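Undergrad: Got a predicted model here, sequence first, then my questions.
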Amino acid sequence: MSIPVSVIIPTLNEAESISAFLRVLQPLREAGWELILSDGGSRDETVSLAEPRVDKIIVSTPGRATQMNNGAESASGEVLLFLHADTQLPQDAIAQLTAFVASNADWGRFDVALSGRRFMFRVVETLINLRSRITSVATGDQAIFIRRSVFQRLGGYARIPLMEDVEICKRLRSLSPPYCIRARVITSSRRWESRGVWKTIFLMWRLRFEYWLGVAPDKLFRRYYGRPGNV
């Protein structure tokens with residue numbers, strides 16, 4: 001029996017939340033989906049806690065692009081779904097992805113909602129979804145999914161420490177428009193809450209603008225995280 005979807009989850013030191021996160025995904029395994037955790041060298045118990053709840057664990061060098069590429073190499077599914085460990089799929093994800101598998105589309109993404117209750121988060125998520133719909137560019141928070149054959153043909157994610165999601169979307173949209181699912185994934189608003197909403201909005205737009213101008217992703221990573229990044 002073929003596996004319709006492989007869910008690839010890049011992690012690094014997620015022990016505090018990984019068990020609850022993976023518990024929610026178990027119905028996907030029961031439906032025949034494959035869960036692959038690609039860990040970038042966690043120093044906590046992320047891997048041991050995840051082991052009973054995933055099909056494969058890949059121990060990778062750190063760097064989200066590298067971890068997702070390594071996870072994809074071991075995947076068996078017709079479709080690869082890249083899911084951040086702080087993002088929840090909608091309840092009808094199986095039906096939504098089944099419809100995608102039956103379509104002629106090469107790739108797609110979900111609309112996104114932020115987990116926080118502040119009104120400003122409703123504005124931010126609305127603008128993110130609108131921007132994504134207009135530009136055909138998604139972020140990793142939107143749970144990008146790609147047919148495995150297309151992903152392999154493109155050579156996977158570019159090995160850059162930041163903007164790997166934007167970069168691959170630009171290559172994908174040259175092949176076909178995205179399959180846009182209006183059902184929303186819910187992603188953690190912790191970075192917005194810890195940094196401040198307006199400060200985060202300004203920073204994110206500045207990083208995207210500078211990337212558009214050609215600033216190297218490793219410089220953008222240092223500006224975002226305050227340290228050198230891995231690819």
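TA: Nice, I can see it. Note that the coordinates shown come from a computational prediction; the quantities given were computed from them, not determined experimentally. Numbers count the residues shown, from 1 in each chain.
Undergrad: which SSE is the residue lying closest to Asp92 once chain neighbours are set aside in?
TA: Of all residues not flanking Asp92 in the chain, Ala183 sits nearest, at 6.0 Å (C-beta to C-beta, 6 or more residues apart in numbering). All C-beta atoms are positioned from the backbone trio N, CA, C, and that covers glycine. If you go by DSSP states H and E, Ala183 is part of strand 179-187.
Undergrad: Counting neighbours, which bits of the helix or strand that that strand is followed by end up buried?
TA: With elements assigned by DSSP H and E, the helix or strand that comes after strand 179-187 is helix 190-195. Using 16 or more other C-beta atoms under 10 Å as the test for burial, helix 190-195 gives 191-192.
Undergrad: Grab the CA positions of helix 190-195 and hand them over as PDB.
TA: Taking Å, rounded to 0.1, in the frame of the first residue of the first chain, the C-alpha atoms of helix 190-195 are listed here in PDB:
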ATOM      1  CA  ARG A 190       5.500  33.100  21.000                       C
ATOM      2  CA  ARG A 191       8.000  35.000  18.900                       C
ATOM      3  CA  TRP A 192       5.600  37.800  18.300                       C
ATOM      4  CA  GLU A 193       4.800  37.900  22.000                       C
ATOM      5  CA  SER A 194       8.400  37.800  23.200                       C
ATOM      6  CA  ARG A 195       9.800  40.300  20.700                       C
END
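Undergrad: I'd like to know which elements it is packed against.
TA: On a contact count with 3 or more C-beta pairs under 8 Å, 6 or more residues apart in numbering; DSSP states H and E, helix 190-195 meets helix 197-213.
Undergrad: in the helix it packs on, what's buried?
TA: 197, 200-201, 204, 207-208, 210-211.
Undergrad: how many other residues sit next to the closest residue to Leu12 other than its chain neighbours?
TA: In space, and not counting its chain neighbours, Leu12 is closest to Gly40: 4.4 Å by C-beta to C-beta, 6+ apart. Under the neighbour criterion other C-beta atoms under 10 Å, Gly40 is assigned a count of 20.
Undergrad: Could you pull up the contacting residues of Gly40?
TA: For Gly40, the contacting residues are 10-12, 60-64, 66-67, 230, by C-beta atoms under 8 Å, 6 or more residues apart in numbering.
Undergrad: Same check on Ile57?
TA: Neighbouring residues of Ile57 by C-beta under 8 Å, 6+ apart: 36-39, 47, 50-51.
Undergrad: how does it look with 7 Å?
TA: Ile57 makes contact with 37, 39, 47, 50-51, according to C-beta atoms under 7 Å, 6 or more residues apart in numbering.
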